[in-house]
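In: have a look at this fold, sequence not included:
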C-alpha cells in the first residue's frame, strides 16, 4: 500500500464583499500531514508574523500591516495561517518516536473514558490506565534485558560454540576464564544496554517536556464554573493543556521502574545461585537486595496511582524532591545490584535460560488482569451516563489499552526473535542455546489466529460496502437532477460514498481485535506455564491436525513478527533520513499525540499543549488590540485544535470570535472515541458558549462529518447541509473535464465556504474603527501592553 499523502491544502477563495466594515481576520488551521504557509495562503510571498521555526503564524507580505490600512478589509477578512506541522514531523530525531508507539496508544486509552462524572470511579479508571502504561515500560525494559542479559551475556557468552568467531564477545566468554567471564560480571556489563535505553527514554521525555509541557495557557485563574457545573467543558479548564507536573511525576516513576527492572534482572540470577549454596552471607545479601527492589517497586506503584492531573487551575509545582529522589534511589539500587552480582563466585556456571524467564508471563498476566478491571470500571461509568454513539459502549479505552499491550508484545517478540536467530545461526551450537522465552513463542503463534478473527468481519464489510454503493446510485442521480445520467459516473460517486462509511465500522473492528488478543493471550500464558514448551513441541503426540496447526501457527507467527520488526526498522531509517517520509509517519503522531501525556510520560509529546495556547493567545491578543472580528477556520485535525482554543478563551473574547470547521472529525471520531471531552454534552456547551459556529461536511468524506447539533434558542444549527461532491456531475461549458470527487479535501474550493465565512463575520459584533495604531500584540489579560508578546511586524522573516 502506498504511503499516505499529506492532506491537500486549498487556496483561499477570493474575498467576498463585506456588509460589516472594520478589521476582520481569518485564522486558518491546517489538518494532518503538514502544510506550508505558501500553500495555505495561496501566495509565494509570506511573512512570519509571530512564532518560531516549530510553529508560527504567517501572513501574505502585502497584508503584513493591514490593521493600519483600512482598505485591506474592504473585500473580506485578512487571512493568517497557523502552521504547526513541525511539532510532529520536525527533525530526524522524530524517527525515535516509533519506539514509543505502544506508549502513545496506552496514553490514548486514558482519554477514552465514558463521560460519567463519578469522581472516585473516574480516578480509579485513570489509575488503572496508568498502571497499564507502567507495565509497558517494564515490558520494554525487560525485552532489552532479555536481549542483552539473557541471550548475549548469559546464553551466548556461556557457550564456546556461540562465542567462536565473535571477537566482540571474547572478553565475556566463559571458555576463556577471564575476570569478566563469571556469569554475574557478564550480567553487570550487559546491564549497560537496558540502562542506556531507560536513560534515552528519560532524556527524550525530559527534552520534550521542556519544549511542549512548558507552554503556559493564557488564563491561570481557577475554572469559572463550580465543580460539577461545568457542563462538560473540561477542555476549557485553565490547567487542561498544562500537564507539566503530572508528566514530571510519571517520568520519575517510569524511569525508576525501568532501572529497578534492570536491577532485578542482574541481581535475581545471583541471588538464586547464592540461595543454593552453603555460604550464608551472599544469600542474606541477596535477600536484602531483592527486598529493597520490592520496596522500590511498591514506591513506584504508589506514585503512579496516587495523583492524577490538575486541570481546574494552573498547577506550576513540579515536585522536585520526588522527581529527583525516586530515580536517584532506583539508580543507587541498580549500582548495588551490579556490585552484588559482580561478587566473585568461582563455581558459578550459566546454563539454559536466565532465571526469571517467567517474567514475560507475569507481565502478560498482569496486563490482562488490568485490562479486565479497566473494562469493568468503564462499563460502570457508561451505565451511569450512557450515550448512543459512544464507541464500543464505553469499552473503547480498555480495547485500546489491550492493543497497546499487544504492540508492546509484538515489539518485544520481534527484537528477541531476531537477535536469537542472529546469535543462533549455523555453527553457533544451537543445542546449548535455548533462545528467547517460551512465552514469546506462544505470543507469536497467536498472531495468525488474531488476524484470522478479522477475516470474517472484513469480508462482511466489503460485501456491505458493495451493497451500499448499489443502493446509493439512485440517491446520487437524484441529487444531480436535470443532468443526463451516466452509470459509470454514478457508480464511481456511489462507491466513494459507501467507502467513506467504513470509518464508522472502526470501533467494531477494534473491539474484535482487542477481544481476540485478550483471549488468545490468556491461552498463550496458560500454554507456556503448563507445558513449558513452544507450541510446535507442546502438541507432539496429539492429533495430527492439531500438531500441524500448532507448528504452522508458530512458524507463521515468527515470520510475521520478523516482518513487523523489519518494517519498523525500515520506517525508522526512512523517517530519519527523508523529510517526506517523516511527514508521512508524522500523520500517526498528528492523530495520536493531540492529547496530553496523562498516562505515559515516555509517549510522544502532546503538540496541542503548544498549539492550543498559541491559537488562544493570538485570538485574544488580536481582538483585544484591534477590537476586530475573527473567524478561526479549522480543517480536519485543525478543527479539533480550533475548538480547543475557543474553549480556552474568556467569555468577552469569545463574543468576537466565530468558529468555522470543515472536514471535521469532532463528532464522528472524537465524539465517539473520546465522549467525555467531545461527546454530545461538551459539544452542546461549545455551541452555546461560542458566538457563532458553522460546520461544512460531505457524504464522501471518510474523516469529517456533521456535529449533529440542532438549533438551540438563539443559536442556529451548526451543520450546513451536506455539500455536493463533486460540484458538477458531468461535463459542462464551464467544466469541460470531469470534476474530481474531493472527499476530505478541497472544502475551500466550494462556493459555500466563502458564503458561510461571510455570514459568520456578519453575525459578530461590529468592529472598532480603523486604522488601529501600530503597537506590539498584548496578551489576553494585558490591557497596557506590558506583558504581551512582540509581533515581528516589518521585521518578520519572509518564508517565500
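Out: Received, thanks. This one's a predicted model, so the numbers in the text were calculated from it and none came from an experiment.
In: burial measure for residue 567, as a count.
Out: 11 (other Cβ atoms under 10 Å). All C-beta atoms are positioned from the backbone trio N, CA, C, and that covers glycine.
In: equivalent analysis for residue 569, please.
Out: Neighbours around residue 569, by other Cβ under 10 Å: 14.
In: residues in contact with the spatially most central residue of the chain?
Out: The geometric centre of the chain, computed from its C-alpha atoms, lies nearest to residue 592 (Cα atoms, centre = their mean), at 2.5 Å. If you count contacts by Cβ atoms under 8 Å, 6 or more residues apart in numbering, residue 592 has them with 104-105, 108, 604.
In: try it again at 6 Å.
Out: residue 104 (Cβ atoms under 6 Å, 6 or more residues apart in numbering).
In: same thing with residue 80?
Out: Contacts of residue 80 (Cβ under 6 Å, 6+ apart): 27, 57, 59.
In: and if you look at residue 285?
Out: residue 340.
In: got the buried residues for the helix or strand containing it?
Out: For residue 285, the element it lies in under DSSP states H and E is helix 280-306. Neighbour-count burial for helix 280-306, counted by 16 or more other Cβ atoms under 10 Å, picks out 282-283, 285-286, 289-290, 292-293, 296-297, 299-301, 303-305.
In: what about the strands in the stretch 601-750 of the chain?
Out: 629-635, 657-662, 692-696 (DSSP state E, counting those that start in this stretch).
In: so which of the ones you listed comes closest to residue 329?
Out: strand 629-635 (45.9 Å; Cβ to Cβ).
In: looking at the contacts of residue 80, which is nearest residue 643?
Out: Among the contacts of residue 80, residue 27 lies closest to residue 643 (Cβ to Cβ), at 13.0 Å.
In: related to what we said a few turns ago, which of the contacts of residue 80 fall within strands?
Out: If you go by DSSP state E, those have 27, 57, 59 in strands.
In: just the buried ones from those?
Out: By 16+ other Cβ under 10 Å, these give 27, 57, 59 as buried.
In: nearest to residue 184, of the contacts of residue 80?
Out: Nearest to residue 184 out of these is residue 57 (Cβ to Cβ; 58.8 Å).
In: is it true that the closest one touches residue 46?
Out: No - when contacts are counted by Cβ atoms under 6 Å, residue 57 is not listed as touching residue 46 (10.4 Å).
In: hang on, the earlier thing: may I see the buried ones among the ones in strands among the contacts of residue 80 arranged in TSV, with distance to residue 268 and pLDDT as well?
Out: TSV is the format used below for these (distance: Cβ to Cβ, whole Å; pLDDT from 0 to 100):
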residue	distance to residue 268	pLDDT
27	57	97
57	55	96
59	62	95
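In: let me know the closest of the residues you listed to residue 274.
Out: Among those, and counting by Cβ to Cβ, the member closest to residue 274 is residue 57, at 64.3 Å.
In: secondary structure class for residue 80?
Out: What DSSP: H, G, I helix; E, B strand; the rest coil gives for residue 80 is strand.
In: start at 39, not 1
Out: Taking 39 as the first residue, the last one we looked at is residue 118.
In: any idea how far it lies from residue 704?
Out: Per Cβ to Cβ, to the nearest Å, residue 118 is found 22 Å from residue 704.
In: same check, this time on residue 547
Out: Counting by Cβ to Cβ - residue 547 and residue 704 are separated by 22 Å.
In: so for those two, which sits in the more crowded spot?
Out: The neighbour comparison of residue 547 against residue 704 (other Cβ under 10 Å) goes to residue 704, with 26 against 14.
In: which ones are touching the more buried one?
Out: So residue 704 contacts 677, 716, 745 (Cβ under 6 Å, 6+ apart).
In: and these, which are buried?
Out: Buried among these (16+ other Cβ under 10 Å): 677, 716, 745.
In: let me know the closest of the residues you listed to residue 197.
Out: Closest to residue 197, out of all of the buried ones among the contacts of residue 704 and judged by Cβ to Cβ, is residue 716, at 56.5 Å.
In: pretty sure that closest one is touching residue 708, no?
Out: Yes - at 3.9 Å, residue 716 and residue 708 qualify as touching, with contact defined as Cβ under 6 Å.
In: just give me how far stretch 451-461 sits from the chain centre.
Out: 27 Å (Cα atoms, centre = their mean, to the nearest Å).
In: repeat for stretch 509-518
Out: The answer for stretch 509-518 is 38 Å, by Cα atoms, centre = their mean.
In: stretch 273-290 too?
Out: Stretch 273-290 sits 16 Å away from the centroid of its parent chain (Cα atoms, centre = their mean).
In: swap in stretch 388-405?
Out: That offset, for stretch 388-405, works out to 29 Å (Cα atoms, centre = their mean).
In: same deal with stretch 330-339?
Out: For stretch 330-339, the distance to the chain centre is 29 Å (Cα atoms, centre = their mean).
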